[in-house]
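**Q** Please work out how this folds:
(2 chains)
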Number of protein chains: 2
Amino acid sequence: MNLSTVSEALKIILNTSENFGTEEVNFLDSVGRVLKEDIIADRDFPPFNRVSMDGIAIAFEAFSKGQRVFKIEGVQAAGSKQLTLQNSTNCVEAMTGAMLPMNTDVVIQYELLTIENKVATVNTDEIKKNKNVHLKGLDRKKGDVLIPKNTKISSAEVGVFATVGKTIVTVAKQPKVMIISTGNELVDVSENPAEHQIRRSNVFTLVSLLDKLKIKTETAHIPDDKNLLLSKIERFLNEYDVLLFSGAVSKGKFDYIPDVLDKLGVQKLFHRVQQRPGKPFWFGKKGFKTVFAFPGNPVSTFVSCLKYFYSWYYKSVGLNFENQNEAILNEDFYFKPNLTYFLQVKITQINGNIYATPVKGRGSADLVNLVDADAFLELPDNRSNFIKGEVFPLIMYR
Amino acid sequence: MNLSTVSEALKIILNTSENFGTEEVNFLDSVGRVLKEDIIADRDFPPFNRVSMDGIAIAFEAFSKGQRVFKIEGVQAAGSKQLTLQNSTNCVEAMTGAMLPMNTDVVIQYELLTIENKVATVNTDEIKKNKNVHLKGLDRKKGDVLIPKNTKISSAEVGVFATVGKTIVTVAKQPKVMIISTGNELVDVSENPAEHQIRRSNVFTLVSLLDKLKIKTETAHIPDDKNLLLSKIERFLNEYDVLLFSGAVSKGKFDYIPDVLDKLGVQKLFHRVQQRPGKPFWFGKKGFKTVFAFPGNPVSTFVSCLKYFYSWYYKSVGLNFENQNEAILNEDFYFKPNLTYFLQVKITQINGNIYATPVKGRGSADLVNLVDADAFLELPDNRSNFIKGEVFPLIMYR
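**A** Numbers count the residues shown, from 1 in each chain, chains lettered A, B, ... in the order given. A predicted model of the protein is given here:
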C-alpha cells in the first residue's frame, strides 16, 4: 500500500494552488471575499478638527487667563460650514461631528456648563487645550493604506469602504466549481428511495460548505456507467476550474473515477491518504484544472472538504491561510490504526481555554453525528493513546 | 446622571425579545437560520444492512467451519436490489453502499483476498461475524429526532435535511429591519464630501452585520429636521419590526431622536449606558416594535450592534444564546473611567488558549482600528487596572 500521510497530501495540494484573477463587486456584496487592492485614505481622518463632545468651543487662552463666563455667538452644527469665533472672549456652541470653529481650540461639554440667556458659565477649572477635539489627520493621513490587499473582508472593512467612497472593490475571482455525485444507489432529495437506495446528500453538504466561502457551485449526478462518466467529466473538465467528486474512488467494481480521470488525462498526484475517515481520497490535476475526488461516505467528504479544499482555496485566493486553531482534548481517547484520525468533537470554552470533547461516533458514515459536533480534532497517525489535556489541531465548522 | 450598567441594559433588552413566527425555506437557503421543527428520521439509518467495505459477502458459519475458498455467485452492487446467496458455501462480491446479500452476515475486504477464475480465497483466519457490515438502524432508528428545533443550521444540518428528503424546512422568520442614519454632515458613499462633510458608513456596517445573521435590511437617511423625522419615523414604525438608528441621541442641539421617538409613543426603556464607546445608547419599545438608537460614532454603533442587537435577535429566534466566549488579556491595560470598556483586541490562539492583545486605539470614532482588530474584550466598570493573564468576556466579529 502506498498511502500519503495527511501532511504530504496537504503539501501536494497546496503546491497546486491556482490564481483565478480578480473581479469587481459592489462593496455591500464583498463580505467573505478576499480584497485584491490596497484601500487608501482619500483624505485625512478626521478630515477636519472634529468636535467630539456637544458643548461650547472657546479660545483656550481666554480660559487660561481666568475667564469663566462666555457669551454665545452662534451654533456650529455638524454638516455646516466652519464658523469663525468673532470675539476671542466669546464662545460658539459646537456639536459632535462638527468642524471646530476657527479661532477656537477646546470644547467644554454641556455637563460642565450652566447656560442662561445665551451666556455659558464654565463650572470647572480643569480644562486642557484641544480637549474634546479630534484633531485633523490624527487617526490616519491622506494616502495611508487603510486596508492592505489580501485581507478577508468583514463588516469592519465594509464601513471603511463606505468612508472612503469605494462603492466598487476589487476582490479575488472565485473558481468555477462543479460538484459531482456518482453511485447508482442515490436518488434525488425529493424522491422516495426504494429499500436499497438512499438520497443524495454529499453534494448538498459540499454546496453549503463552498457557499460559506462565497463560492457559487453547480451540481450533477452521473450513474455508474463508464462511457457516461467519460463524456460528462470530459465536458466538465473543459467548463470548470475545479471538480469535486464524492464517491467511486475505492476498490469496488464500479469505482470508475480514478480510471476515468486517468483516461481523460488528469494526472493523479495521490490516491489514498493515511487518515480516517477519508482514506480513499484521490487528487489530481490536468493543466490548470484541479480534481478533488473525495470518498463517498458523508463524514469523509465533509472533513476532506474542510481540510483539503478549504486550504487549497485560501492559498489560491492569496490568504496564505494556515489553520492555527487548536483545542485541548477533554477526555482520554484511544485509536489504534496507524492513521490520522479526525475525531468529531464538541467545543466548550472555559476561562479562555478551548476544550474538545469527543462525540460518540458510530463510524465515518454517520452524517447525523456531525450535527452533534462542532469540529474535528486532528489526532496524529503515529500513536494510539491520546491523553486528556493534550493539545491538537482543530478544524471548526460552526 | 442616570446611567444603566451594561448588564442592566442587556437584561432590559433581552426581556423585550419578540417572536416573529416561522416561514418555510428551501433547505439549501437555510444555513445560518434557526430551525423551527424537529427533523425526524424517515427510516432507519442505515436503512438496510449496509456493506461498508468492497469485498465478498459470505455466511460466517461456513468460514467458522474452516472454509477459506468461496466460489463467486454474483455481484451485489450499490443501488441494486438485494441478492440472495444461493449456496451457503459460495460468496457474492459486495460493494460499499450495497445491501448485504440475503443469507450472508460478514464481508471480507479485497485486501484479504486472492481472486482467480471466479473463486475467492481468504488469506486470514481472523474474521468476525458482521465485520464490514453497517447494521440497519445502528446509527438512528426511524422516528428518532435527528435535529431538534431551535438549532442554528450549518452545512452539517443541510446534509441531514437532504438525507431525510426535507427539501423545505421551517425556520424562524426574520424581523423586518430598517436602518436609519441622521446627521446633516453625512453624504452618500458615491458622493465627494465637502470639507465639513463625511460619507455615510454606519448604516452599511449595520447592513453587513445583520446580513451575517441572514437578515435582509433596508436603509434610509433623514436630515436633522424634526418634522421630517416625525413623519418618516412614524411610517417606519408602522412598516418595520425593528428600527436601528445611528446618531442623534446625545446632548447636541440637533440630537432630536429621543424627543421624536417620545412624541411618536415609543417608550424609552433606557438612555445612556455606563460604557465606552456607546454611552448615549437609547433603547425603547412601542408595542411589538423595538428601537435601538445607537450613538453615531462608528465603533459605538459597531460594538453596540454586536453586544445588544445580536443578543436580542438570538433570544427572539429561540437560540437562547449566551455569549460564553472569553479570552486571556495579553498585556496590562489601564482604563480609568467608571465605565465598561469595550477594548479592541487582536486574537491569537496558542495551545488551545485564546489571547487578546489590545490594538492601540485613537478613540471610539476610529473606524479603521476595527480593521486591525478581530474582537472586543469587555472590561468591567468597577476597576481601572486590568492585568495580563486575566480572563474577560470576548465579542468576536471575524
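
**Q** And the strands in the stretch 51-200 of chain A?
**A** With DSSP state E, counting those that start in this stretch, the ranges of strands along the stretch 51-200 of chain A come out as A:55-58, A:69-76, A:91-94, A:106-109, A:113-116, A:119-122, A:133-134, A:145-147, A:168-172, A:177-182, A:186-187, A:198-199.

**Q** nearest to B:R398, of those?
**A** strand A:145-147 (13.3 Å; CB to CB). Every residue, glycine included, has its C-beta placed from N, CA and C.

**Q** re earlier: can the strands of the stretch 51-200 of chain A go into TSV with extra columns for mean pLDDT and distance to A:T16?
**A** Formatted as TSV, those follow (pLDDT from 0 to 100; distance: least, CB to CB, whole Å):
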stretch	mean pLDDT	distance to A:T16
strand A:55-58	97	62
strand A:69-76	97	61
strand A:91-94	98	60
strand A:106-109	97	59
strand A:113-116	97	68
strand A:119-122	97	70
strand A:133-134	94	50
strand A:145-147	96	29
strand A:168-172	98	17
strand A:177-182	97	15
strand A:186-187	96	29
strand A:198-199	96	33
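
**Q** Pull the distance from the strand or helix carrying A:L10 to the chain's centre.
**A** Taking DSSP states H and E as the definition, one finds A:L10 inside helix A:6-14. Relative to the chain's own centre, helix A:6-14 is displaced by 22 Å; criterion: CA atoms, centre = their mean, to the nearest Å.

**Q** hmm, back to that, so which of the strands of the stretch 51-200 of chain A gets nearest B:P393?
**A** Once the strands of the stretch 51-200 of chain A are compared by CB to CB, strand A:145-147 is nearest, at 27.3 Å.

**Q** picking that back up, so the next helix or strand along the chain from the helix holding A:L10, near chain B or not?
**A** Downstream of helix A:6-14, the next assigned helix or strand under DSSP H and E is strand A:22-26. No. Interface with chain B: strand A:22-26 contributes nothing (CB under 8 Å from any CB of the partner chain), its closest point being 10.4 Å away.

**Q** chain center to strand A:22-26: distance?
**A** The answer for strand A:22-26 is 17 Å, by CA atoms, centre = their mean.

**Q** Could you give the number of residues near the residue in the stretch 151-300 of chain A that chain B sits nearest to?
**A** Distance from chain B to each residue of the stretch 151-300 of chain A (CB to the nearest CB) is smallest for A:N184, at 3.0 Å. Neighbour count for A:N184, taken as other CB atoms under 10 Å in any protein chain shown: 18.

**Q** any idea what sits nearest it, other than its immediate chain neighbours?
**A** B:G79 (3.0 Å; CB to CB, 6 or more residues apart in numbering or on different chains).

**Q** Check whether the lengthiest strand in chain A comes near chain B.
**A** Longest strand in chain A by number of residues, with DSSP state E as the criterion: strand A:340-350. Yes. Residues of strand A:340-350 are located near chain B by CB under 8 Å from any CB, namely A:T348, A:Q349, A:I350.

**Q** Of those residues, just say which sits nearest to B:A356.
**A** A:Q349 (12.9 Å).

**Q** C-terminal to the helix or strand harbouring A:V207, what's the next element?
**A** Using DSSP H and E, A:V207 sits in helix A:202-211. With elements assigned by DSSP H and E, the helix or strand that comes after helix A:202-211 is strand A:217-222.

**Q** Taking helix A:202-211 as reference, get the angle to that following strand.
**A** 160 degrees (axes from the mean of the first three to the mean of the last three CA atoms, to 10 degrees).

**Q** all helices of the stretch 201-350 of chain A, in order?
**A** Secondary structure of the stretch 201-350 of chain A (DSSP state H, counting those that start in this stretch): helices located at A:202-211, A:226-239, A:257-263, A:298-304, A:310-316.
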